[in-house]
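Trainee: Here is a sequence together with a model predicted from it:
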Amino acid sequence: MNYNKRTHTCGDLRLSNLNNEVTLNGWVAKKRDLGGLIFIDLRDRYGVTQLKITPDKKQLHDIASKLGLEFVISSKGMVIKRESINPNIPTGEIEIDVNELQILNESLPTPFIVEDDVKASEELRFQYRYLDLRRQKMAQNLITRNKVFQTVHKFFEKEGFIEIETPILMKSTPEGARDYLVPSRIHKGKFFALPQSPQTYKQILMVAGMDKYVQICKCFRDEDLRADRQPEFTQIDLEMSFVDQDDVFKVTENLMYNIWKDASGIEIQTPFPKYTYDDCIKYFGTDKPDLRVKGEIKLHHLNKIFTNSEFAPFKDALTNNGSISGISVKDIQISRKVIDELTEFVKKSGFGGLGYFKFSNNEFSGPLAKFLSDTEKESLIGEFELNSDSTVFILSGDYKKVCETLGSLRLKIAETFQLINESDDKFLWVTDFPLFAFDEEEGRYVGEHHVFTSPKPEFEHLLDSDKKEEILSIRANCYDLVLNGQELASGSIRIHNYEMQKKVFNLIGLSDEEARQKFGFILDAFRYGAPPHGGIAPGLDRIVARLCGVKDIREVIAFPKSTSTASLMDESPSIVSDKQLKELSIKITSEK
């Protein structure tokens, strides 16, 4: 097919182009016939330009009258000034007086109208993803993603990192989420796994002397999905030798600074504040605190204030080594209806109710007020700095449960009263996580992050302990980067010593034989001069989602999976032929 190739995109033209003859190619986004005068909104990924076809141009008019939405056309004409300016688009001051028009391809009626305010269900959008991606909003998301890619490549080249690809087919080492397994045709009965992360490979690269490694890589985890989780996702994976935690922080903060500046023009403040894991739980009830909440709403721990309390729930908590903790909300009138809703909210976490009192004009009121002594009231005024209208909510019971529930309540209140500045970005580092957790179901220790994380030096001697409380007290040389209540990156200073790695494997229940079977290659590498090393892996999808102002990472991935881990467009996963299964020595015993 012969057609005029475009001279400009649909986002290029301005008043400075007046009286220029141009050719635009694109898709019909809208068509309006005003009694013979036809206007067409022509769209491509760069923008929208209005075409004008006057009634006197009969041949063009006949072609234009046949156009449907999403037809692909080529148009040639003169740039003229619009009589009715559209201030909502960059090309809104001009239009094209068309003198040539050609239909390059027709379109069936689309299952939904391609527009930013799309009315289609998520399932329909995913099924016809190629239509969904024509929307300006979706195109802009992918453009922003591309900007982040380019910034990452340029930043790490300037910093002296080497980009190295690691294998997609690797050994299955099931510690963490489920692996996606790939059967081997050559090695019958054996399987590759898709990498949950390049963790072992990047450590091997440090042993190999590649002291600054980076890769934008795909990772795969067979786990339940949610808004910020996909079975395949992208992370910026980096590792460095001869570094400590502060070195990793500096590189990561500079990276984030450059990404935010290049993609959105915002210069974020560095260095980021640092909180230990224990302080996060203590003051925010979560290891992913959102620092955007106005009013300095934090958890306060009140055991000392209520040491002599005769109020049964408080007395019971103190007797059982529990916690009495609370949060205060100042300068907001909280109705009984809202308090009832908040009470139902905490009941979902297993609490019988939500204690509260109000403070106004130096007077206490509310259900808890009558149980407070004068001494306790004075202490509470000081603890919460009560000097204005305030409501204080209190829970008592198991320390961790109280903290987590108050942390959730803090966010619920912030959401209810719009106390979060959604346009703001608050980064922080969370450090000193526990090295181990205890899996009650399996009756063994598991790595809180992963099994290659090193303990902080002052805790190394406890790896030889046989006391549960001492093992669980070990703090790890690891860290998370949190943004607005969401984990954006996780990393650690790794174990690089053979004997220490064996101790950790033994503590999580791996015998020497099992450890060698699963991780023999990396244990061997540690015996050939492994340097101290550490790194981090920021989630690229989550970064782009935040920059685009969306909460669901599927909005910034070209071809995401649905919540049922299916690709609705190409109908995968799909059934394969008996011949393929036979080649792999696989037999399907049940479809359930």
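Mentor: All right, it came through fine.
Trainee: all strands of the stretch 251-400 of the chain, in order?
Mentor: According to DSSP state E, counting those that start in this stretch, the stretch 251-400 of the chain carries its strands in the segments 274-276, 300-301, 323-330, 355-360, 363-365, 390-397.
Trainee: Which one of the ones you listed lies nearest to K579?
Mentor: Each of those has some distance to K579 by C-beta to C-beta; the shortest is strand 274-276, at 56.9 Å. Where C-beta positions appear, they are placed from N, C-alpha and C, glycine not excepted.
Trainee: low pLDDT regions in the stretch 351-500 of the chain?
Mentor: For the stretch 351-500 of the chain, no stretch has pLDDT under 70.
Trainee: Quick check: which of the strands of the stretch 251-400 of the chain is nearest to R292?
Mentor: Per C-beta to C-beta, nearest to R292 of these: strand 274-276, 14.7 Å.
Trainee: So which elements touch the closest one?
Mentor: strand 427-431 (3 or more C-beta pairs under 8 Å, 6 or more residues apart in numbering; DSSP states H and E).
Trainee: Note down every partner strand of the strand it packs on and its orientation.
Mentor: strand 274-276 (parallel), strand 478-483 (antiparallel) (DSSP bridges).
Trainee: Can you tell me which of the ones you listed is most buried?
Mentor: Of all the strands paired with strand 427-431, strand 478-483 carries the top mean neighbour count, a mean of 24, counting by mean count of other C-beta atoms under 10 Å.
Trainee: following that one, which helix or strand comes up?
Mentor: Going down the chain from strand 478-483, the next helix or strand is strand 486-493, by DSSP states H and E.
Trainee: Give me the angle between that next one and strand 427-431.
Mentor: Going by axes from the mean of the first three to the mean of the last three C-alpha atoms, to 10 degrees, strand 486-493 is angled at 40 degrees with respect to strand 427-431.
Trainee: Show me what strand 486-493 is packed against.
Mentor: Against strand 486-493 (3+ C-beta pairs under 8 Å, 6+ apart) you get helix 245-264, strand 478-483, strand 533-538, helix 540-548.
Trainee: 10 Å - rerun?
Mentor: strand 232-241, helix 245-264, strand 427-431, strand 478-483, strand 533-538, helix 540-548 (3 or more C-beta pairs under 10 Å, 6 or more residues apart in numbering; DSSP states H and E).
Trainee: Would you pull up how far the longest one lies from the middle of the chain?
Mentor: Chain-centre distance of helix 245-264: 17 Å, with C-alpha atoms, centre = their mean, to the nearest Å.
Trainee: if we can go back for a sec, and of the strands paired with strand 427-431, who's closest to D244?
Mentor: strand 478-483 (11.1 Å).
Trainee: Report the inter-axis angle for that closest one versus helix 245-264.
Mentor: 20 degrees.
Trainee: Direction-wise, compare strand 478-483 with helix 540-548 and give the angle.
Mentor: Using the same axes, to 10 degrees: strand 478-483 against helix 540-548 is 30 degrees.
Trainee: give the contact list for the residue lying closest to S473 once chain neighbours are set aside.
Mentor: Once flanking residues are discounted, S473 sits nearest to L462: 6.9 Å by C-beta to C-beta, 6 or more residues apart in numbering. Residues counted as contacts of L462 (C-beta atoms under 10 Å, 6 or more residues apart in numbering) are L435, P455, E470, I471, L472, S473, I474, R475.
Trainee: Dump the strands paired with strand 427-431 to CSV, plus distance to Y445.
Mentor: Output for these, formatted as CSV (distance: least, C-beta to C-beta, whole Å):
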stretch, distance to Y445
strand 274-276, 21
strand 478-483, 16
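Trainee: Those: which one's closest to K294?
Mentor: strand 478-483 (17.5 Å).
Trainee: now that closest one, how far from the chain's geometric center?
Mentor: For strand 478-483, the distance to the chain centre is 12 Å (C-alpha atoms, centre = their mean).
Trainee: Dump that strand to PDB, keeping only the CA atoms.
Mentor: Extracted in PDB, the C-alpha atoms of strand 478-483 (Å, rounded to 0.1, in the frame of the first residue of the first chain):
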ATOM      1  CA  CYS A 478      19.800  -6.000  56.300                       C
ATOM      2  CA  TYR A 479      17.600  -3.100  55.400                       C
ATOM      3  CA  ASP A 480      14.400  -2.200  53.500                       C
ATOM      4  CA  LEU A 481      13.800   1.000  51.600                       C
ATOM      5  CA  VAL A 482      10.200   2.000  52.300                       C
ATOM      6  CA  LEU A 483       8.200   4.600  50.400                       C
END
